[in-house]
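Student: Structure here, sequence nowhere to be found:
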């Protein structure tokens, strides 16, 4: 019976799941970054990433090569993210969590509206970062694009880790997030650390968008909304304060959704997403801070 | 003693004023416009309930749109499948949503803050898919159309409604029904807030650890808050179904949940009167934004900018502003000279 | 006749004439100078790409108005955003009827959305004209809903065309279907089975997807695994493009039938750019409108007219075939309005719309007519097959008439 089971199909579906998850991973890391620096989940992260993708499209449309546009978009997004933090988050820095969440919700509509105003609603495409030539390994197909996407996600996480661990700026940033009061006393410009965090997150989001659009082969202003949901789910699964957890979580989620859809028939297409979310909920009930998250104790 | 009498008299005056506005408001707007006001009333009921949960008990919920869906679909299913009269389904819709609210409250016991917000958000996201799945009951992607599938159970099918010999237009009827229930709901919420349950809720909000060590059963408090706010959302959903005469998964996306939270916070957490302003905000601002410009994306932009501005300038929402304005008056009434 | 009596008779006669000329009580939404119509279109939300349907129609009406209008009346067309939410559709439609007091609802977009308002509009006897939806029910259930009529060739008919063609030309095909899990996808599938007739067992695999799915990689992998060689794409543009892309990724090049909604030239262009010319080569679809980006129609007077209207009357992006659809629908409305006579009533325009025979629509394929009559409430029920070759659609064969 074991031999009759279609192992190739299973392997293929796992690979597909990893590829899908890899696309969401970078956005999930961006969410974690904001959560660790500001203590909130940025509901506008996806829309900001979408906006960056449109910027990249415009740059390519005006003649830049893909990688030139890629780099320039990252730079622009970094500045944009920092600017948004200064303009809109700074006034509510010390406000309760819910207030900041509301601001990010407002930002969701603002960025979405701006993208709809600046660009028409038709379907567009972004050129592929990597070749779409398929590679076949023992009957399982995947493309260089899949590998490239996962590599970029992991690479981004690694770079961030290096930054936070080994640079002075990174250290200051972590201190500011963990204990703003003490950091201030030590001379850390806490406000600017927050802006840095948002800038980096926006840059990561831009990467996410610029990888997602070619992976799905077309995009419009709705590009990142489903991705945001999957990124949330994956980040929560992995633990909102762990970047590695975000990557692992989203890839696990991708595989889970795919396998559920393939092998559990009664789930059908409509229930794939709810079931995946329910599984995450189940994990959270056992480990409320996610797979890699750390439990914190609060002072009364 | 005299001050107390004065205070009571002023409250009574306020109550009478509210009733007068409620009864007479439709006279000042067009017939169709009362339907808009009725729609605002739906939001009002939902966010009063949400305020009890988020403002008074400190539990963030981004899933109340899904609870409205439970109420709305309960109504629609009862009307279309069981041929109930639309208005009589309202209590049952509230109960159904209350039960689901309670069930959502259970994970809340283990999750807190942002994780809870995300878990409720996941519920809101999953709701349209769930509605499409159980299509035998819910009509799937097409939803349920009350007017088409059970016209006899729709109140005001002909355009007029006759109650106790008094005839009124369907739009007026919907307005009076919705805001009437709204006022009753407001009163109940006010009594809850003033009473022991309200104090329990606030204790949980202010510090769970302290509340627990003071002997409060956190589980019961949280699930009760979820259940009660669920009932409100369910009733709101039922009224929405009755007003629109249809339910469809596309009407209950996560955007609705976001809108409800926006209304609650802008109205003022922990302020029940502010909920009127919160409801008007989410009802009218998107429409008003189209007057600024009908160009693509501008209404969304304006709506989002308004939310941000309110959060920066008035973080306590309209209710906070009301409280500050009323402060001189209330301090005079309630402090000894 | 004494002079005074002559004068009095003249005066009376003039008065009588004036009374008659000002007409009987005029219909709601109709004044001596204007006809007001309205509808709902998704200007925001997931389906906002379809808003050109409204823009194209609006531009056409402005063109007609610039040439004097219909029976000296200008057509005022307002469309409101329903955000693709059927309960908003219901709200806005009521607003159009009760507050704006339109003569008729025209060109509202969306299947669930038109369904949401159908019972109400029929109850208050307001025409629901040329609903932009391919669902069969709008043309089939006219006995119950006599005030409702749609426009485009319905999805079931489209599926039937494919089924019949495959049964005739590839009787040994192994058919796989990727369909959206809603009425649109299911209608196309039902039509396919209908057209295949006895050969429905040619369908060896059916995979569906929900719009909330992240992508359709999994479904494509399974279709390939079932050794499908004929792929039916009953999917909206985003997912149709993905089907091509993932087909290439899995090294799979079946013969593709792509439904009309996703066959627009820019969609096919994106699919080709994301894969290769070979991947999209030979795809088959149906067509009933002139695609403005098809070089075949470059010198066609109809397309030229379309482009000039789009430019002069600000219809938006002229390369958008949805705008052509809107313009064709508007053209048909004008024909119906003309037929409804000098004093159009709601009943009158319904009668006109259900007894149409318009042969000169410049935006439809040559030879097509917009025809309705007793028992036939499908204005457009003809299409041609077309094949994608070298980056363009080339129609072949004759006009199918299917219902």
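Tutor: Right, received. Where do you want to start? Given the structure is predicted, the values throughout are model-derived calculations rather than measurements.

Student: List the residue ranges of chain B that fall below the pLDDT cut-off.
Tutor: Along chain B, the model assigns pLDDT under 70 to residues B:1-3, B:329-330, B:332-337.

Student: Contact residues of the stretch 101-250 of chain C facing chain A?
Tutor: Residues of the stretch 101-250 of chain C that fall close to chain A, judged by C-beta under 8 Å from any C-beta of the partner chain: C:181, C:208-210, C:212-215, C:217-218, C:221-222, C:225, C:237-238, C:241-242, C:244-245, C:248-250. Heads up, the C-betas are built off the backbone N, CA and C, glycines and all.

Student: can you tell me which of those are in helices?
Tutor: The members of these that map onto helices under DSSP state H are C:217-218, C:221-222, C:225, C:237-238, C:241-242, C:244-245, C:248-249.

Student: TSV for those residues, including neighbour count, pLDDT and distance to residue A:59?
Tutor: Shown next, in TSV, are these (neighbours: other C-beta atoms under 10 Å in any protein chain shown; pLDDT from 0 to 100; distance: C-beta to C-beta, whole Å):
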residue	neighbour count	pLDDT	distance to residue A:59
C:217	27	87	28
C:218	24	86	33
C:221	25	88	34
C:222	21	88	38
C:225	17	87	40
C:237	22	89	24
C:238	23	88	23
C:241	30	93	22
C:242	28	92	24
C:244	27	94	26
C:245	29	90	23
C:248	24	88	26
C:249	24	84	26
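
Student: residue contacts, residue C:141?
Tutor: residue C:148 (C-beta atoms under 8 Å, 6 or more residues apart in numbering or on different chains).

Student: tell me the pLDDT at it?
Tutor: On the pLDDT scale, residue C:141 is placed at 92.

Student: now do residue A:295
Tutor: If you check residue A:295, the pLDDT there is 62.

Student: where exactly do the helices run in the stretch 101-250 of chain B?
Tutor: Ranges of helices in the stretch 101-250 of chain B, per DSSP state H, counting those that start in this stretch, are B:113-133, B:135-138, B:146-149, B:170-194, B:196-206, B:208-213, B:218-244.

Student: The third one near chain C anywhere?
Tutor: It refers to helix B:146-149. Yes. Helix B:146-149 lies within reach of chain C by C-beta under 8 Å from any C-beta, at B:147, B:148.

Student: Summarise which helices and strands that helix is packed against.
Tutor: With contacts taken as 3 or more C-beta pairs under 8 Å, 6 or more residues apart in numbering or on different chains; DSSP states H and E, helix B:146-149 sits against helix B:64-82, helix C:111-123.

Student: relative orientation of the shortest one and helix B:218-244 in degrees?
Tutor: Helix C:111-123 and helix B:218-244 are oriented at 50 degrees to each other (axes from the mean of the first three to the mean of the last three C-alpha atoms, to 10 degrees).

Student: Check the helices and strands packed on helix B:146-149 for me and report the most buried one.
Tutor: A comparison of the helices and strands packed on helix B:146-149 by mean neighbour count, using mean count of other C-beta atoms under 10 Å in any protein chain shown, puts helix B:64-82 on top with a mean of 27.

Student: Does that one reach chain A?
Tutor: No. Helix B:64-82 is not in contact with chain A by C-beta under 8 Å from any C-beta; minimum separation 10.9 Å.

Student: what's the angle between that helix and helix B:218-244?
Tutor: 60 degrees.

Student: residues touching residue C:170, list them.
Tutor: Applying C-beta under 8 Å, 6+ apart, the residues near residue C:170 are C:230, C:255.

Student: what do you get if the cut-off is 6 Å, keeping everything else the same?
Tutor: By C-beta atoms under 6 Å, 6 or more residues apart in numbering or on different chains, no residues touch residue C:170.

Student: Likewise for the one 4 residues further on?
Tutor: By C-beta under 6 Å, 6+ apart, the contact list for residue C:174 reads C:204, C:227, C:228, C:229.

Student: same deal with residue C:219?
Tutor: Contacts of residue C:219 by C-beta under 6 Å, 6+ apart are C:178, C:207, C:209.

Student: From residue C:208, how far out is it?
Tutor: Plainly put, residue C:219 is 8 Å away from residue C:208 if you go by C-beta to C-beta, to the nearest Å.

Student: Counting neighbours, what do you get for the residue in the stretch 101-250 of chain A that chain C sits nearest to?
Tutor: At 3.9 Å from chain C, residue A:217 is the closest residue in the stretch 101-250 of chain A, using C-beta to the nearest C-beta. Neighbours of residue A:217 under the rule other C-beta atoms under 10 Å in any protein chain shown: 26.

Student: Could you tell me the model confidence score at residue C:23?
Tutor: In this model, residue C:23 is scored at 45, pLDDT.

Student: circling back: list the ones among the contacts of residue C:219 that fall in strands.
Tutor: Judged by DSSP state E, those include C:178, C:207, C:209 as members of strands.

Student: export these to a markdown table and tack on distance to residue B:290?
Tutor: Formatted as a markdown table, the ones in strands among the contacts of residue C:219 follow (distance: C-beta to C-beta, whole Å):
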| residue | distance to residue B:290 |
| --- | --- |
| C:178 | 38 |
| C:207 | 40 |
| C:209 | 34 |
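
Student: Closest one to chain A out of those, please.
Tutor: Nearest to chain A among the ones in strands among the contacts of residue C:219: residue C:209, at 5.6 Å, using C-beta to the nearest C-beta.

Student: Not counting its neighbours along the chain, what's nearest that closest one?
Tutor: residue C:216 (5.1 Å; C-beta to C-beta, 6 or more residues apart in numbering or on different chains).

Student: Name all residues that make contact with the one you found.
Tutor: Contacts of residue C:216 were listed using C-beta under 6 Å, 6+ apart, and they are C:209, C:239, C:242.

Student: Now flag whichever of those residues is closest to residue B:90.
Tutor: When the contacts of residue C:216 are compared for distance to residue B:90 (C-beta to C-beta), residue C:209 wins out at 36.9 Å.

Student: Now do the contacts for that closest one.
Tutor: Contact analysis of residue C:209 by C-beta under 6 Å, 6+ apart lists A:269, C:216, C:219.

Student: Could you report the distance from it to chain B?
Tutor: Going from residue C:209 to chain B by C-beta to the nearest C-beta, to the nearest Å gives 12 Å.

Student: Run through the bridge partners of that residue.
Tutor: Assessed by DSSP bridges, residue C:209 has beta-bridge partners residue C:180.

Student: Next, give phi and psi for the most centrally placed residue in chain B.
Tutor: Centroid-nearest residue in chain B: residue B:46, 1.2 Å away (criterion: C-alpha atoms, centre = their mean). Main-chain torsions, residue B:46, degrees, to the nearest 10: phi -60, psi -40.

Student: what does residue A:130 give?
Tutor: Backbone torsions of residue A:130, given as degrees, to the nearest 10, read phi -120, psi 170.

Student: Quick check: it vs residue A:201, distance?
Tutor: From residue A:130 across to residue A:201, the span is 24 Å (C-beta to C-beta).

Student: Tell me the residues of chain B that contact chain A?
Tutor: Within chain B, the positions adjacent to chain A are B:110-111, B:114, B:118-119, B:122, B:125-126, B:129-130, B:132-133, B:207, B:209-210, B:258, B:265, B:296-298, B:300-301, B:303-305, B:307-308, B:311-312, B:315 by C-beta under 6 Å from any C-beta of the partner chain.
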